[in-house]
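> Dropping a prediction and its sequence here:
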Amino acid sequence: MNEHQQALQHAFDATWPGPMGDPVHLENKHICLRIYPHDGARITSLQAFGFEVLRQWEPQRKAFQYGCFPMVPWAGRLGYATLNVNDQRYALPANKPPHALHGMACYSSWEIVEHKTDALTLRMPLGSPWPWAGEVLQILTLKENSLVLRLEIHSKAESFPASAGWHPWFVKRLNQQNSDGQLQVVFDADWQEEAGSDELPTGRRTSPQPGPWDDCFGFSSGLDVTLQWPGKLSLNMTSAAQSLVVFDKQPDATCVNPLTQAPNAINLTPQFVTTDAPLVIESCWQFNQLG
């Protein structure tokens, strides 16, 4: 872990130098990806039909503010930087006090397991500050006009709770230099997670409310959301996972995050990893050119 990753582990807004190490590229007829294994297995560029859909790194950006990065072995905010398992309490670095934000991927380097023209498998070992030994795999696969993303959290010995997901920053305008139509995010959620005064879901479900949002939504039969850049491009995001965080309160980008469960639900209704059963989330992002 280098000095910037060490700083990020303790402060989410630590100075960040941008993508680290050498990039890996995936490409087919319609989609091009650039991934940096040593920058938290982050997708820094996702181009579909020639359009860049992810916010790029610039000198003012912090580590959590660009591209698309995996969130493992917990997703979103972990309440009070504490993991409660049965009668045990495990403290994790409170990089957004009083909470621990977005997991360990962004301050970890990943190794390449397999790289093909249209597919990539990356591996991150699980260890300190995480209390249990294991590993995480991220598999990215291009299929026609789709990107399929998959995360697997594996345990080496003990059972432990975990959650996972992705944090993409989608640009609100495909051409930032003119007045192209702004991104529209369309979905029909079954519920919205009630937010408490401590920025954590309370565990209670309410009826979905209109935006702007920094909220988590639930889908009984798996999430289904469409992103539309009018007249140019659409993205249909689907997953068997039931949770989706939408954050659209910044002027130039919107986060649409598929998750195994709501932030801090790992402490309320935990999903467990065992040696025989990894925690898995998969999401398909299908692009279509408009106009």
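On my side now, so go ahead.

> got the CA positions of stretch 248-263 in PDB?
C-alpha atoms of stretch 248-263 as PDB (Å, rounded to 0.1, in the frame of the first residue of the first chain):
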ATOM      1  CA  ASP A 248     -27.700  12.900  -8.400                       C
ATOM      2  CA  LYS A 249     -26.900  16.000  -6.400                       C
ATOM      3  CA  GLN A 250     -23.700  17.000  -8.300                       C
ATOM      4  CA  PRO A 251     -23.900  19.200 -11.400                       C
ATOM      5  CA  ASP A 252     -21.900  17.000 -13.800                       C
ATOM      6  CA  ALA A 253     -22.400  13.400 -12.800                       C
ATOM      7  CA  THR A 254     -24.900  10.900 -11.300                       C
ATOM      8  CA  CYS A 255     -24.100   7.800  -9.400                       C
ATOM      9  CA  VAL A 256     -26.300   4.700 -10.000                       C
ATOM     10  CA  ASN A 257     -25.000   2.000  -7.800                       C
ATOM     11  CA  PRO A 258     -26.200  -1.700  -7.800                       C
ATOM     12  CA  LEU A 259     -25.600  -3.300  -4.400                       C
ATOM     13  CA  THR A 260     -26.200  -6.700  -2.800                       C
ATOM     14  CA  GLN A 261     -28.100  -4.800   0.000                       C
ATOM     15  CA  ALA A 262     -28.500  -1.300   1.400                       C
ATOM     16  CA  PRO A 263     -25.700   0.500   3.100                       C
END
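
> Mind listing what's buried along that stretch?
Across stretch 248-263, burial judged by 16 or more other Cβ atoms under 10 Å covers Asp248, Ala253, Thr254, Cys255, Val256, Asn257, Pro258, Leu259, Thr260, Gln261, Ala262, Pro263. The C-beta positions use only the backbone N, C-alpha and C, and glycine is treated the same way.

> and the residue nearest to the spatial centre of the chain, bridged to which residues?
By Cα atoms, centre = their mean, the chain has its centre lying nearest to Trp166, at 1.5 Å. Legend: beta-bridge partners of Trp166 under DSSP bridges are Pro70.

> So it is in contact with Cys68, correct?
Yes. Applying Cβ atoms under 8 Å as the test, Trp166 and Cys68 come out as touching, 5.8 Å apart.

> so where's this protein shaky on pLDDT?
Regions of the chain meeting the criterion pLDDT under 70 cover residues 176-179.

> check contacts around the residue nearest to the centre of the chain.
The contact partners of Trp166, by Cβ atoms under 8 Å, 6 or more residues apart in numbering, come to Cys68, Phe69, Pro70, Met71, Leu149, Leu151, Asn257, Pro258, Ser283.

> And Leu147, by the same measure?
By Cβ under 8 Å, 6+ apart, the neighbours of Leu147 are Ile31, Leu33, Leu46, Leu140, Thr141, Cys284, Trp285, Phe287.

> what about it, distance to Ser283?
Remark: distance between Leu147 and Ser283 (Cβ to Cβ, to the nearest Å) = 9 Å.

> Overlap in contacts, these two.
Joint contacts of Leu147 and Ser283 (Cβ under 8 Å, 6+ apart) do not exist.

> Strands - which of the contacts of Leu147 land there?
In this view, the contacts of Leu147 that belong to strands under DSSP state E are Ile31, Leu33, Leu46, Leu140, Thr141, Cys284, Trp285, Phe287.

> you'd agree the second one is up against Ala41?
No. At 11.8 Å, Leu33 and Ala41 do not qualify as touching, with contact defined as Cβ under 8 Å.

> And these two? Which one has more around it.
Neighbours were counted for Leu33 and for Ala41 using other Cβ atoms under 10 Å; Ala41 has more, 29 against 23.
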